[in-house]
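Student: here's my sequence, what's the structure:
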Amino acid sequence: MSKLLILDHGLFVAFAERLAKDFEVFYFAPYADRSFPTHEPAMVGSGLEGVERVSSFWSTLRDMDMEEDTIMIPDVGFWDLAVYLRSQGWSVWAAGDGEKLEIQRWQPKFVFFQQECA
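Tutor: Residues are numbered from 1 along each chain as shown. Next comes the predicted model:
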């Protein structure tokens, strides 16, 4: 069974549970990326059926096979990591550079307004 490493902030835990029917799922939600982290974010992804909550993205990635396994980044905030992993040959399901459309959605609206398209 192929492995799936999910990098998420906690919004897509239902994806992890569903995909566990078809993949060996490892779920990582960063929780120590700020000063004085609390225990609640550290528990995101724990207790999900068929899903193993992991504490290190990179250690888990080292145990995966680039030819068979996939990395899933369903949320925004990691576009540069998705682009980097793809450049290294990983199969990555993520917005990548397309994330800029979500984060900077005001820019096209501004252009449309200037061109009287809005």
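Student: how about the helices in this protein?
Tutor: Using DSSP state H, the helices of the chain run over 13-19, 39-42, 57-62, 79-87, 99-103, 106-114.
Student: center of this structure - which residue?
Tutor: Taking CA atoms, centre = their mean, the centroid of the chain lies closest to I73, which sits 1.9 Å from it.
Student: mind checking which of the helices of the chain is nearest A29?
Tutor: When the helices of the chain are compared by CB to CB, helix 39-42 sits nearest A29, at 6.7 Å. To be clear about C-beta, it is placed using only N, CA and C from the backbone, and glycine gets the same treatment.
Student: let me know the pLDDT of the nearest residue to L11 once chain neighbours are set aside.
Tutor: Using CB to CB, 6 or more residues apart in numbering and skipping the chain neighbours, the partner closest in space to L11 is D75 (5.6 Å). On the pLDDT scale, D75 is placed at 90.
Student: where in the protein is the helix or strand with the lowest mean pLDDT?
Tutor: Ranked by mean pLDDT, DSSP states H and E, the weakest helix or strand in the chain is helix 39-42, scoring a mean of 62.
Student: just to revisit the earlier point, weakest of the helices of the chain by average pLDDT?
Tutor: Minimum mean pLDDT among the helices of the chain: helix 39-42, a mean of 62.
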